[in-house]
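Q: I'll drop the sequence and a predicted model, then ask my questions.
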Amino acid sequence: MSQITTALAEVRQLEKFYERAIPSEFLDENDHVNVQYYLRLVEQGLGAVFNQVGLGQIYAAADPYGNFALEQHIRYLAEILVDDRVSVYIRLIDLSPKRAYFMGFLVNETREKLAAIVEVIMMNVAMSRRRGAPFPATPYARLAELLARHERLPWLAPVCGVMRA
């Protein structure tokens with residue numbers, strides 16, 4: 001696996017979608033922040049993105065659609081400790097009519113380090129059939145606008161190379 005060379009200044013060119021301090025409840029029996037919380041933190045950031053483009057809780061309540069994670073990849077770069085303040089920055093990597101490929105950058109603001117990168121492939125799902133379905137037109141257009149902005153960034157996303165939308 002290649003070394004991550006993405007700088008914090010580059011990550012901070014993205015929008016910050018979530019921030020919080022790490023509570024002791026996130027620790028496992030090894031006094032280490034458990035993997036589920038890395039995913040949960042990025043999930044909170046993705047939830048904010050979905051709300052921004054019209055795919056959030058109101059969307060789920062008003063329409064027969066939802067979003068399922070199909071694949072995830074986590075790279076741990078620096079440990080997060082209790083009481084550290086972390087932020088989640090999201091970059092859209094790829095988009096198809098039914099799927100979106102996101103990268104979540106988990107930044108340890110307390111220690112000024114990139115702590116983890118989480119890549120996620122999401123699928124829009126028709127809940128009545130529990131099968132993939134095209135995104136509604138307006139959210140899809142907003143996602144396409146977000147992708148276009150992210151594609152103009154002057155740095156390459158450090159993708160793992162094994163995932164595709």
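A: That came in fine, so what should we check first? Numbering: from 1, shown residues only.
Q: contacting residues around whichever strand or helix holds residue 142?
A: Residue 142 is part of helix 137-151 when elements are defined by DSSP states H and E. With contacts defined as Cβ atoms under 8 Å, 6 or more residues apart in numbering, helix 137-151 is touched by 14, 49, 52-55, 59, 91-95, 97, 100, 134-135, 157. To be clear about C-beta, it is placed using only N, CA and C from the backbone, and glycine gets the same treatment.
Q: among these, the buried ones, what's the ChimeraX command?
A: With 16 or more other Cβ atoms under 10 Å as the criterion, this ChimeraX line picks the buried residues out of the contacts of helix 137-151:
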select :14,49,52,53,54,55,59,91,92,93,94,95,100,135,157
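Q: of the contacts of helix 137-151, which belong to strands?
A: 91, 92, 93, 94, 95, 100 (DSSP state E).
Q: what sits against the fourth one?
A: With contacts defined as Cβ under 8 Å, 6+ apart, the neighbours of residue 94 are 100, 101, 147, 164, 165.
Q: which of the residues you listed count as buried?
A: 100, 101, 147, 165.
Q: gap between the residue lying closest to the first one once chain neighbours are set aside and residue 106?
A: It refers to residue 100. Counting by Cβ to Cβ, 6 or more residues apart in numbering, residue 100 lies nearest to residue 122, which is 5.0 Å off, once chain neighbours are set aside. Relative to residue 106, residue 122 is positioned 17 Å away (Cβ to Cβ, to the nearest Å).
Q: neighbour-wise, which of those two wins?
A: residue 106 (28 against 21; other Cβ atoms under 10 Å).
Q: what about the more buried one, which helix or strand?
A: In this structure, residue 106 sits in strand 99-108 according to DSSP H and E.
Q: what average pLDDT does that strand get?
A: Across strand 99-108, the average pLDDT comes to 98.
Q: compute the inter-axis angle for that strand and helix 137-151.
A: 50 degrees (axes from the mean of the first three to the mean of the last three Cα atoms, to 10 degrees).
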